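Enquirer: Take a look and give me a structure for this.
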Amino acid sequence: MQSVEIGVYVAISAALFFDFVNGFHDSANSIATVVGTRVLRPLYAICIAALANFAGPFIFGTAVAATVGKGIIQPSFSTVDVIFAGLIGAIIWDLITWYFGLPSSSSHALIGGLIGSALLAGGTSALVFPGIEKTLTFIVVSPGMGFACAFGIGIIVMYLFRNQTASRVNKIFGRLQICSSVFFSLTHGANDGQKTMGIITALLIAGGLLDSQSFIVPVEVILASAFAIALGTFFGGWRIVKTMAFRLTNLRPYQGFCAETAGGVILTSMAWLGIPVSTTHAIAGGIMGIGATKRLSAVRWGIGKRIVYAWIITIPASAAVAALVSIIMKPLYS
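Expert: Next up, the predicted model:
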């Protein structure tokens, strides 16, 4: 086996490990509300979320994979060493934020890592600015969309069920929330799982193992990536689950349903449009939005601020880590 192929397969292994960490880190997104409302026990919630994460990419297509694979770095700079360094930067940043229980975005950690390694390799000419601009725009837009959508759905639900007893409402939405949790997990797998598919496809093209004239994600790559994120989701990142499920606001089943439905609607539309939006941003905005339907003080804004700070620094921090990894690894590629 040639050294180039070995490098490609090592980088693909790193990509699949990132996918596992992504599922591990972002399992909070899939199960936070259904665990926080105590509709499902954590183990049951995780199993359902893992299966739905696996199925997501097969339902919603691979438009996001194409955006990540060829819409962040110029094809001429999408080399194995640049992509590998970007992956390592993203993995390190994900593990740091997991350790401190901060629900940062794995998607933006990956994009930040790719930007950092590409900048070191070729400066600003190595970047695809329209794709990066679209991603940065939705860092700001997606939490607001999640907040507004969940707030609106919550107001409608509260009006329609205003004459029902609390126990009746909890019974109805306890069942509905299982459906909304599956829906959100499907869209989570469709959006986040595709990012690794795009990276692996780019690696195969860079290594000369796929046709460079077209960007088609092989079925084997879809299967491997979907399995890796599902496996990571199964093992779960419980530190972040606690932050999202119990510390941000207190949720009832109807509120969990509203937050998950809002997040799923946003992720569905973004998956079809091929925009790599953050599932963390969508669901966190949804949780804060539904919490605010009762009163603004129902949301623990201090925790929310910590989350926002993590969002802001994720891309530059992961870019810096990836650039450092590139410098350390440079002698290996010389």
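Enquirer: For the lengthiest helix in the chain, which helices and strands make contact with it?
Expert: When the chain is parsed with DSSP state H, its longest helix is helix 166-206. In terms of contacts (3 or more Cβ pairs under 8 Å, 6 or more residues apart in numbering; DSSP states H and E), helix 166-206 is packed against helix 3-36, helix 42-60, helix 63-70, helix 80-99, helix 106-122, helix 219-235, helix 253-273, helix 279-291. The way it works is simple: take the backbone N, C-alpha and C, and place the C-beta from them, glycine included.
Enquirer: Would you mind checking the average pLDDT for that helix?
Expert: Averaged across helix 166-206, the pLDDT comes to 87.
Enquirer: between that helix and helix 80-99, what angle do the directions make?
Expert: Put simply, helix 166-206 runs at 160 degrees to helix 80-99, going by axes from the mean of the first three to the mean of the last three Cα atoms, to 10 degrees.
Enquirer: give me the low-pLDDT residue ranges for the stretch 51-200 of the chain?
Expert: Along the stretch 51-200 of the chain, the model assigns pLDDT under 70 to residues 101-103.
Enquirer: what's in contact with stretch 61-73?
Expert: For stretch 61-73, the external contacting residues (Cβ atoms under 8 Å, 6 or more residues apart in numbering) are 78, 82-83, 110-111, 114-115, 118, 126-128, 130-132, 134-135, 190-191, 194-195, 197-199, 201-202, 215, 217, 222, 270-276.
Enquirer: Is there a quick PyMOL command that grabs whichever of these are buried?
Expert: In PyMOL, this line selects whichever of those come out buried by 16 or more other Cβ atoms under 10 Å:
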select buried, resi 78+82+83+110+111+114+115+118+126+127+128+131+132+134+135+190+191+194+195+197+198+199+201+202+215+217+222+270+271+274+275+276
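Enquirer: residues of stretch 48-62 that come out buried?
Expert: In terms of neighbour count (16+ other Cβ under 10 Å), stretch 48-62 has its buried residues at 48-58, 60, 62.
Enquirer: Just say which of the helices and strands packed on helix 166-206 is most tucked in.
Expert: Highest mean neighbour count of the helices and strands packed on helix 166-206: helix 279-291, a mean of 30 (counted as mean count of other Cβ atoms under 10 Å).
Enquirer: Quick check: next helix or strand after it?
Expert: Moving toward the C-terminus from helix 279-291, the first helix or strand encountered (DSSP states H and E) is helix 301-333.
Enquirer: helices or strands up against that next one?
Expert: Here helix 301-333 is seen to pack against helix 80-99, helix 106-122, helix 129-160, helix 279-291 when contacts are counted using 3+ Cβ pairs under 8 Å, 6+ apart.
Enquirer: Compare these and report which one is nearest to residue 37.
Expert: helix 279-291 (10.9 Å; Cβ to Cβ).
Enquirer: And that closest one, how far out from the chain middle?
Expert: Offset of helix 279-291 from its chain centre (Cα atoms, centre = their mean, to the nearest Å): 13 Å.
Enquirer: Specify the angle between that helix and helix 3-36 in degrees.
Expert: Angle of helix 279-291 versus helix 3-36, following the same axes, to 10 degrees, is 10 degrees.
Enquirer: got the phi/psi numbers for residue 275?
Expert: phi -100, psi 120 (degrees, to the nearest 10).
Enquirer: quick one: it and residue 138 touch, right?
Expert: Yes: using Cβ atoms under 8 Å, residue 275 is in contact with residue 138, at 6.0 Å.
Enquirer: got the CA coordinates for stretch 170-189 in CSV?
Expert: The C-alpha trace of stretch 170-189 is given here as CSV (Å, rounded to 0.1, in the frame of the first residue of the first chain):
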residue,chain,number,x,y,z
ASN,A,170,-48.7,16.2,30.4
LYS,A,171,-50.3,12.9,29.4
ILE,A,172,-50.9,14.0,25.8
PHE,A,173,-47.5,15.7,25.3
GLY,A,174,-45.7,12.9,27.1
ARG,A,175,-46.6,10.7,24.1
LEU,A,176,-46.1,13.4,21.5
GLN,A,177,-42.7,14.3,22.9
ILE,A,178,-41.4,10.8,22.0
CYS,A,179,-42.3,11.6,18.4
SER,A,180,-40.7,15.0,18.5
SER,A,181,-37.6,13.6,20.0
VAL,A,182,-37.3,11.0,17.2
PHE,A,183,-37.9,13.8,14.6
PHE,A,184,-35.2,16.0,16.1
SER,A,185,-32.7,13.1,16.3
LEU,A,186,-33.4,12.2,12.6
THR,A,187,-32.6,15.8,11.6
HIS,A,188,-29.6,15.9,13.9
GLY,A,189,-28.2,12.8,12.1
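Enquirer: May I see the buried residues of that stretch?
Expert: Within stretch 170-189, the residues that count as buried by 16+ other Cβ under 10 Å are 170, 172-174, 176-178, 180-189.
Enquirer: still on that earlier bit, mind checking how far the longest helix of the chain is from the chain centre?
Expert: 10 Å.
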